[in-house]
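S.K.: fold the following and give me the result.
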Amino acid sequence: MTFEELGLHRSLLKAVTEEGYSEPTPIQQKAIPIILKEKDLVGCAQTGTGKTAAFAIPIIHYLHSVIGSSKRTKQIRCLVVTPTRELAIQIGESFDTYSKYTNLRQITVYGGVSQINQVNQLKKGADILIATPGRLLDLHKQNFINLDHLHHLVLDEADLMLDMGFINDVRKIIKLTPENRQTLLFSATMPMAIRELADSFLKKPEYVSVTPVSSTAEIIKQQVYFVEKESKRSLLYHLIRNENLSNVLVFVRTKHGADNVVKSLKKNGVNAEAIHGDKSQTARQRVLESFKNKEVSVLVATDIAARGIDIESLPYVVNFDLPNIPETYVHRIGRTGRAGNNGISISFCGKDEEVYWKDILKLIKVDVKVIKEHPYPWKDKEVNPEAKPDFRNKNKNAAGKSRKSDNSKKNKKRWY
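M.R.: As a prediction, this is how the structure comes out:
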């Protein structure tokens with residue numbers, strides 16, 4: 001199947017062709033015909049499968065066919081609700097790209113910044129609105145947003161909105177929209193809570209699913225290091241230095257942990273930055289652009305902040321902290337190995353995370369390569385912890401060169 005065979009408008013096909021698209025991805029092949037028939041849809045697809053284009057392309061086709069080149073007052077016909085600022089910006093850019101040869105206009109609104117510029121744009125009118133839940137409800141309450149003419153409602157990354165506690169806001173947003181709308185719900189995972197949500201407000205939806213969440217791309221080489229928890233920062237620096245790693249996305253569990261990892265790397269001359277919820281929107285975008293432009297070598301991120309990171313040629317993903325939800329592991333490593341490029345996933349497993357790793361292996365059903373030769377392995381459970389054996393000295397050849405045998409506190413602090 002090609003995009004031409006889908007019967008899309010010529011202006012849309014021109015934009016899609018310029019982006020180098022010829023054949024739709026599996027999720028696009030399944031979703032686009034259903035959306036073009038104006039049916040409600042629930043789509044389950046993990047990151048990197050072309051999910052945004054799967055709903056943006058048919059929506060643009062419909063709106064362009066209905067509105068055409070009309071210059072009449074613009075009213076919001078499509079609303080895309082997404083949980084994070086980064087995702088909202090990414091989706092807005094996609095709509096801009098695919099609709100550049102049409103007369104359609106999109107606006108992206110999100111919290112964390114002043115609403116003045118967003119309000120000024122809304123006053124000029126728009127056909128498509130991409131929004132985070134909180135800012136959307138706030139601007140609607142102030143009468144800056146009118147959804148009475150809405151035709152398409154898209155809920156993107158529904159599972160993440162559930163995790164972030166936005167479901168009540170989503171229910172409020174649904175009540176603000178016309179009943180005769182077309183509703184599309186997309187989610188990387190499909191827990192029971194999401195199915196119940198879909199059943200509560202979608203009308204006889206079609207269900208499509210591609211690339212099961214348990215699968216990991218074969219093109220991604222997966223490795224695991226069993227490392228003492230307190231030595232993870234040392235191991236990360238060791239790999240960056242000795243393996244010459246750059247353009248690395250590092251996942252951590254907490255905001256505080258992200259800042260600590262960045263601090264330790266910077267002390268050793270590694271150009272690293274963190275991205276998480278406590279950073280301002282301006283700071284997050286600045287860091288993300290610097291990482292995309294390879295001005296920053298290592299980006300340390302929490303899972304929520306990283307949902308909006310879309311980099312085609314990302315070579316390395318490091319699971320500094322293992323996730324306690326196995327599916328999250330799949331989404332994390334799916335940030336690499338995209339668009340036909342090779343990718344390497346490196347996971348650090350502390351003793352307290354062994355149960356998480358076993359759950360991950362049960363899900364992915366892949367023999368992940370265990371890297372045993374490194375300076376910071378698990379200490380033998382039978383060894384007296386008071387003895388504090390020098391494991392780095394025992395593995396001096398594993399790193400490629402000898403280390404000093406005194407293992408002084410001064411040398412330890414240098415990596416922290």
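S.K.: for E354, give me phi and psi.
M.R.: Per-residue torsions, E354: phi -60, psi -40 (degrees, to the nearest 10).
S.K.: list the neighbouring strands of the helix or strand hosting V300 plus their orientation.
M.R.: Under the criterion of DSSP states H and E, V300 resides in strand 298-301. Sheet pairing of strand 298-301 (DSSP bridges) gives strand 248-251 (parallel), strand 272-275 (parallel).
S.K.: who touches the last one?
M.R.: By that I understand strand 272-275. 255, 258-259, 261-262, 265-266, 284, 287-288, 290-291, 296-302, 305-306 (Cβ atoms under 8 Å, 6 or more residues apart in numbering). No exception for glycine: its C-beta is placed from N, CA and C like everyone else's.
S.K.: how about that strand: buried residues?
M.R.: Within strand 272-275, the residues scored as buried using 16 or more other Cβ atoms under 10 Å are A272, E273, A274, I275.
S.K.: equivalent analysis for stretch 322-332, please.
M.R.: Buried residues in stretch 322-332, defined by neighbour count with 16+ other Cβ under 10 Å: L322, P323, P326, E327, T328, Y329, V330, H331, R332.
S.K.: so where do the helices sit in the stretch 101-250 of the chain?
M.R.: Ranges of helices in the stretch 101-250 of the chain, per DSSP state H, counting those that start in this stretch, are 116-124, 133-141, 158-163, 167-175, 192-201, 232-242.
S.K.: will you turn these into a markdown table that also has mean pLDDT and distance to T336?
M.R.: Output for the helices of the stretch 101-250 of the chain, formatted as a markdown table (pLDDT from 0 to 100; distance: least, Cβ to Cβ, whole Å):
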| stretch | mean pLDDT | distance to T336 |
| --- | --- | --- |
| helix 116-124 | 96 | 33 |
| helix 133-141 | 96 | 29 |
| helix 158-163 | 83 | 20 |
| helix 167-175 | 93 | 30 |
| helix 192-201 | 86 | 26 |
| helix 232-242 | 95 | 15 |
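S.K.: want to throw these into a markdown table with distance to Q29?
M.R.: Shown next, in a markdown table, are the helices of the stretch 101-250 of the chain (distance: least, Cβ to Cβ, whole Å):
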| stretch | distance to Q29 |
| --- | --- |
| helix 116-124 | 34 |
| helix 133-141 | 30 |
| helix 158-163 | 21 |
| helix 167-175 | 28 |
| helix 192-201 | 21 |
| helix 232-242 | 39 |
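S.K.: turn these into CSV, including mean neighbour count.
M.R.: Formatted as CSV, the helices of the stretch 101-250 of the chain follow (neighbours: other Cβ atoms under 10 Å):
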stretch, mean neighbour count
helix 116-124, 13
helix 133-141, 18
helix 158-163, 21
helix 167-175, 15
helix 192-201, 14
helix 232-242, 20
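S.K.: measure the nearest residue in space to V210 that is not next to it in sequence to V81 for me?
M.R.: Nearest residue to V210 in three dimensions, chain neighbours excluded: P26, at 4.2 Å (Cβ to Cβ, 6 or more residues apart in numbering). Note on P26: its distance to V81, by Cβ to Cβ, to the nearest Å, is 24 Å.
S.K.: which one of these two is surrounded by more residues?
M.R.: V81 (24 against 15; other Cβ atoms under 10 Å).
S.K.: close enough to count as contact, that one and A131?
M.R.: Yes - the criterion here is Cβ atoms under 8 Å, and V81 meets it with A131 at 6.0 Å.
S.K.: so where's the protein shaky on pLDDT?
M.R.: For the chain, the stretches with pLDDT under 70 are 47-48, 68-73, 211-217, 281, 305-310, 312, 338-341, 380-416.
S.K.: what about the strand or helix carrying P33, distance to the chain center?
M.R.: In this structure, P33 is located in helix 26-36 according to DSSP H and E. Distance of helix 26-36 from the chain centroid (Cα atoms, centre = their mean, to the nearest Å) equals 22 Å.
S.K.: beyond it, next helix or strand please.
M.R.: strand 41-44.
S.K.: so which other helices or strands are in contact with that next one?
M.R.: Packing partners of strand 41-44 (3 or more Cβ pairs under 8 Å, 6 or more residues apart in numbering; DSSP states H and E): helix 26-36, helix 51-67, strand 182-187, strand 206-209.
S.K.: and these: which comes nearest A126?
M.R.: Of all the helices and strands packed on strand 41-44, it is helix 51-67 that lies closest to A126, at 11.1 Å by Cβ to Cβ.
S.K.: give the buried residues for the closest one.
M.R.: Under the neighbour-count criterion of 16+ other Cβ under 10 Å, helix 51-67 has 51-64, 67 buried.
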